[in-house]
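Participant: I'll drop the sequence and a predicted model, then ask my questions.
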2 protein chains.
Amino acid sequence: MTRLLERLTRMAERARNASRVLSELSSAQKSEILNEVATAMELAEKKILLANAKDLKTARQMKLSEAAIDRLTLNSSRVQAMAKSVRDVARLQDPVGRVTSEWKRPNGLQISKVTVPLGLILIIYESRPNVTSECASLCFKSGNSVLLRGGREALHSNQAISDVYTSVLKKKGLPVEAVTFVSILDRHAIDLFLKMDKLINLAIPRGGEALIRRVVKNARIPVVKHDKGICHVYVDQKADIGKAIRISVNAKCQRTGVCNAMETLLVHQKIASQFLIPLGRALSEKGCEVRGDQTVRKFISGAKKATEEDWKTEYLDNILSIKVVENLEEAVKHIQTYGSSHTDAIVTEDGKAANQFVAQVDSSSVMVNASTRFSDGNEYGFGAEIGISTDKIHARGPMGLDGLVSYKYVVRGDGQIRA
Amino acid sequence: MTRLLERLTRMAERARNASRVLSELSSAQKSEILNEVATAMELAEKKILLANAKDLKTARQMKLSEAAIDRLTLNSSRVQAMAKSVRDVARLQDPVGRVTSEWKRPNGLQISKVTVPLGLILIIYESRPNVTSECASLCFKSGNSVLLRGGREALHSNQAISDVYTSVLKKKGLPVEAVTFVSILDRHAIDLFLKMDKLINLAIPRGGEALIRRVVKNARIPVVKHDKGICHVYVDQKADIGKAIRISVNAKCQRTGVCNAMETLLVHQKIASQFLIPLGRALSEKGCEVRGDQTVRKFISGAKKATEEDWKTEYLDNILSIKVVENLEEAVKHIQTYGSSHTDAIVTEDGKAANQFVAQVDSSSVMVNASTRFSDGNEYGFGAEIGISTDKIHARGPMGLDGLVSYKYVVRGDGQIRA
């Protein structure tokens, strides 16, 4: 344990020192390096796919689920997509060095608030190996060093992808520790990193509930969580039925295993029969299982009985719970009670109802007449995202480059002293 | 323990529910209520001073230091100042409901980023009873409920001050739990609150190192720390000697027990004799003890020898450590090694040196030719401050109303679904 702690401390110290070098790179230098990483990524395709084949072989031996194997799998087009994404990040505006406000005090002091990198960021993630490249490129662009702690199942793929970054850093004479892939699989490593509040500025866990809980329990460093999404769509009495069906089906079925998919549909009683009958048909065509209250089961044949447990569940599957509510107030109350403050939507043509919903639902994204599936950095135009924060502190909702910086106050005077 | 946990959970739940009501108050309503609080505070002066007398009596029996008794003491003018400060907060711009950015996506989605309250904030503080009113007014203005956990020594004073708030809330038909003073003195109470990540959105500890450490160790909720300040002034070779002396004496001696006072002075070797001899005289007039390296002791008679420990120490006292450095790089390195990233200043007439210092010193406030003592919410024009954050996450440096809000994305569509 002590030797492991020493190794990890040294690793974090080097990465932290590297961040000082990154923080002084110009925007042009950072873009140039990222473009070189993209090219190197394309050239390393064969190496990356070989490494991935090793991971896949182990995954099959370990009998991982088909969905897990799909997430783990890389192929030529996925590697090309990774390279393209790095080029996209290269083109984004530099989040560092922006003067976000500036003012002069009566005593002549000139104060400006300037964005600066956070320093060293620890990312703890599971599954998809392309997260390695996404996070490395975003952290680099924002002038931060990164400790990448991926899942055991993607070890070789992650290592090969991070090698692309370090090879370019080395060629450029920059400290390779700016992108540090943590290949130590010992589970204690995470807990030890999480105590290093003098070295690591932020931990971002991306993964299942058990991971998040473990991180929150053990961390002495700040954490921005990327936790679950129990997302709701509320179909108001003044909803356009066509829109309501399209949005409900899209929010539930377009992709089910993601945090911004709808889990519970709330329906105003006055529109229940009109809406639920055609909705039931549309969901059934998509193979979606419905669990509902008594009224729902009256209008949707084959619907199972929903229990209290259903309202609390993130299915991440082609299952939908539906509840008929008396009014907007009951819908809001349900969301406040069971929601996870991730993304919730109202479908209505009534502007007043929409405004009330927007004001009262405290979620990172509140949608009016749009699918919850839009809650995403790319869809919001951020170019790339490090995840979707379910915290209210620092960064909330889809989290892009802006979430990876802090600021400092620069105060310029002419000899002022305090009276 | 279980009964205590139940009591505290109920307390937090009620405060959290009250925050929903606060979040819907208009700016005018909030200002009106704060103005009434100010008037009620003036009317309650006698009651507050009586409560304070009780605390002072106990404090003297417990033989608290004179400095501690001074911090604890209220008198008529301090109560009037509290009332005035509440009126100042009432006049500040509402930090909630501001649209900080707004854009349209190619698919027609209209996205806006709107500031919202955090919800429920736990403030853990020591000493001065006027912190109770400062924090209550700032949290209320920003639409947040607050749990106020003050020090045992100020119990009656804090209770009397928070009573002023709850009496006005009650009169206005608002939930009194929006301002909850925690009179339970059991030390476990803090640890239990710190685990309530479903109810409390942010903890702000203000106090000594032991308190901060305890909070960081036990918290499962986000924490913004108001930790120590080991602040430096670096006197460059191109410094104006007059400014350098004025700034150094002010930064050290104007008020010694505060986090933005200078603890270590760094002096460029080329200016050492010219600067240190008159500085020594000026400091001696202020009764300041000097601890320095060999060169310093040559120029300042009576200076003691500085040890490694001195560079790490926040004296909070009329003591200054001084080191002569070879150049700006060594000064920056010293600050990176021993500083606390709070506030550091350079004195120089050389614009290039100033820029290099500003770029390389990663502190919440970096000053050029100004005293570190200006690092303060009032001095920056924020009207009031909840403290000075030593974290880089969420809020950094002097933290006013802007640090007490989060944001949500409001997405308005016309039936858009994701392809």
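Facilitator: Cool, the structure landed. Note that this is a predicted model, so its numbers are computed, not measured.

Participant: drop to CA atoms for contacts and neighbour counts, all remaining ones
Facilitator: Noted.

Participant: What's the local residue count around whatever residue of the stretch 301-419 of chain A ends up closest to chain B?
Facilitator: Proximity of the stretch 301-419 of chain A to chain B (CA to the nearest CA) peaks at A:H394, 3.7 Å away. Neighbourhood size, A:H394 [other CA atoms under 10 Å in any protein chain shown]: 24.

Participant: What of A:W103?
Facilitator: 14.

Participant: Over to A:V21?
Facilitator: A:V21, neighbours per other CA under 10 Å, totals 16.

Participant: any idea of the pLDDT on it?
Facilitator: Per-residue confidence (pLDDT) for A:V21: 95.

Participant: Spell out which helix or strand contains it, please.
Facilitator: Taking DSSP states H and E as the definition, A:V21 sits inside helix A:2-22.

Participant: Would you mark the buried spots in that helix?
Facilitator: Buried residues in helix A:2-22, counted by 16 or more other CA atoms under 10 Å in any protein chain shown: A:8-9, A:11-22.

Participant: if I pick the residue of the stretch 301-419 of chain A closest to chain B, what's in contact with it?
Facilitator: Contact partners of A:H394, counting by CA atoms under 8 Å, 6 or more residues apart in numbering or on different chains, are A:V224, A:G403, B:I393, B:H394, B:A395, B:S406.

Participant: pull the CA atoms of the helix or strand hosting A:A160 into PDB?
Facilitator: Taking DSSP H and E as the definition, A:A160 sits inside helix A:155-171. Extracted in PDB, the C-alpha atoms of helix A:155-171 (Å, rounded to 0.1, in the frame of the first residue of the first chain):
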ATOM      1  CA  LEU A 155      -6.900  -1.600 -20.800                       C
ATOM      2  CA  HIS A 156      -5.000  -2.200 -24.000                       C
ATOM      3  CA  SER A 157      -7.200   0.000 -26.200                       C
ATOM      4  CA  ASN A 158      -6.900   2.900 -23.700                       C
ATOM      5  CA  GLN A 159      -3.200   2.500 -23.500                       C
ATOM      6  CA  ALA A 160      -2.800   2.500 -27.300                       C
ATOM      7  CA  ILE A 161      -4.900   5.600 -27.600                       C
ATOM      8  CA  SER A 162      -3.100   7.500 -24.900                       C
ATOM      9  CA  ASP A 163       0.200   6.500 -26.400                       C
ATOM     10  CA  VAL A 164      -0.800   8.500 -29.500                       C
ATOM     11  CA  TYR A 165      -1.000  11.600 -27.300                       C
ATOM     12  CA  THR A 166       2.300  11.000 -25.400                       C
ATOM     13  CA  SER A 167       4.200  10.300 -28.600                       C
ATOM     14  CA  VAL A 168       3.200  13.700 -30.000                       C
ATOM     15  CA  LEU A 169       3.900  15.400 -26.700                       C
ATOM     16  CA  LYS A 170       7.300  13.800 -26.600                       C
ATOM     17  CA  LYS A 171       8.100  14.900 -30.200                       C
END
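
Participant: Which secondary structure elements does the next helix or strand after that helix sit against?
Facilitator: Per DSSP H and E, the first helix or strand lying C-terminal to helix A:155-171 is strand A:179-181. Strand A:179-181 sits against helix A:2-22, strand A:145-149, helix A:155-171, with contacts defined as 3 or more CA pairs under 8 Å, 6 or more residues apart in numbering or on different chains; DSSP states H and E.

Participant: Let's see that with 6 Å instead.
Facilitator: strand A:145-149 (3 or more CA pairs under 6 Å, 6 or more residues apart in numbering or on different chains; DSSP states H and E).

Participant: Give the rounded mean pLDDT of the strand it packs on.
Facilitator: 98.

Participant: Just want the angle from it to helix A:2-22.
Facilitator: For strand A:145-149 against helix A:2-22, the angle between stretch directions is 140 degrees (axes from the mean of the first three to the mean of the last three CA atoms, to 10 degrees).

Participant: rewinding a little: most neighbours out of the contacts of A:H394, which is it?
Facilitator: For the contacts of A:H394, neighbours tallied by other CA under 10 Å; top is A:V224, 27 neighbours.

Participant: Ramachandran coordinates for that one?
Facilitator: phi -110, psi 120 (degrees, to the nearest 10).

Participant: What separation do you get for it and A:L404?
Facilitator: As judged by CA to CA, to the nearest Å, A:V224 and A:L404 stand 11 Å apart.

Participant: Kindly report the same for A:A239.
Facilitator: Distance from A:A239 to A:L404, by CA to CA: 39 Å.

Participant: Which of these two has more residues huddled nearby?
Facilitator: A:L404 (26 against 21).

Participant: if I pick the residue nearest to A:L25 when sequence neighbours are not counted, what's in contact with it?
Facilitator: Sequence neighbours aside, A:G143 is the residue nearest to A:L25 in space, at 7.7 Å (criterion: CA to CA, 6 or more residues apart in numbering or on different chains). Residues counted as contacts of A:G143 (CA atoms under 6 Å, 6 or more residues apart in numbering or on different chains) are A:L22, A:S23, A:P117.

Participant: residues near whichever residue of the stretch 1-150 of chain A sits closest to chain B, how many?
Facilitator: Proximity to chain B, evaluated over the stretch 1-150 of chain A using CA to the nearest CA, is greatest for A:L118 at 6.5 Å. By other CA under 10 Å, 26 other residues sit near A:L118.

Participant: my guess is it contacts A:Y407, does it?
Facilitator: No. Counting by CA atoms under 6 Å, A:Y407 is not a contact partner of A:L118; they are 8.4 Å apart.

Participant: all helices for the stretch 301-419 of chain A, in order.
Facilitator: A:308-311, A:328-338, A:351-360 (DSSP state H, counting those that start in this stretch).

Participant: of these, which approaches B:V290 most closely?
Facilitator: helix A:351-360 (57.6 Å; CA to CA).

Participant: Going by neighbour count, list what's buried in that closest one.
Facilitator: In helix A:351-360, counting by 16+ other CA under 10 Å, buried: A:A353, A:A354, A:F357, A:V358, A:Q360.

Participant: likewise stretch A:407-418?
Facilitator: So for stretch A:407-418, counting by 16+ other CA under 10 Å, buried means A:Y407, A:K408, A:Y409, A:V410, A:V411, A:R412, A:G413, A:D414, A:G415, A:Q416, A:I417.

Participant: so which of those residues also contact chain B?
Facilitator: A:K408, A:Y409, A:V410, A:V411, A:R412, A:G413, A:D414, A:G415, A:Q416, A:I417 (CA under 6 Å from any CA of the partner chain).

Participant: Next, format those as CSV and append distance to A:L328.
Facilitator: Formatted as CSV, those follow (distance: CA to CA, whole Å):
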residue, distance to A:L328
A:K408, 43
A:Y409, 44
A:V410, 48
A:V411, 49
A:R412, 53
A:G413, 55
A:D414, 59
A:G415, 60
A:Q416, 57
A:I417, 57
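
Participant: re the thing from before, could you export the helices of the stretch 301-419 of chain A to TSV, including columns for distance to A:A272 and mean pLDDT?
Facilitator: Converted to TSV, those look like this (distance: least, CA to CA, whole Å; pLDDT from 0 to 100):
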stretch	distance to A:A272	mean pLDDT
helix A:308-311	19	98
helix A:328-338	14	97
helix A:351-360	17	97
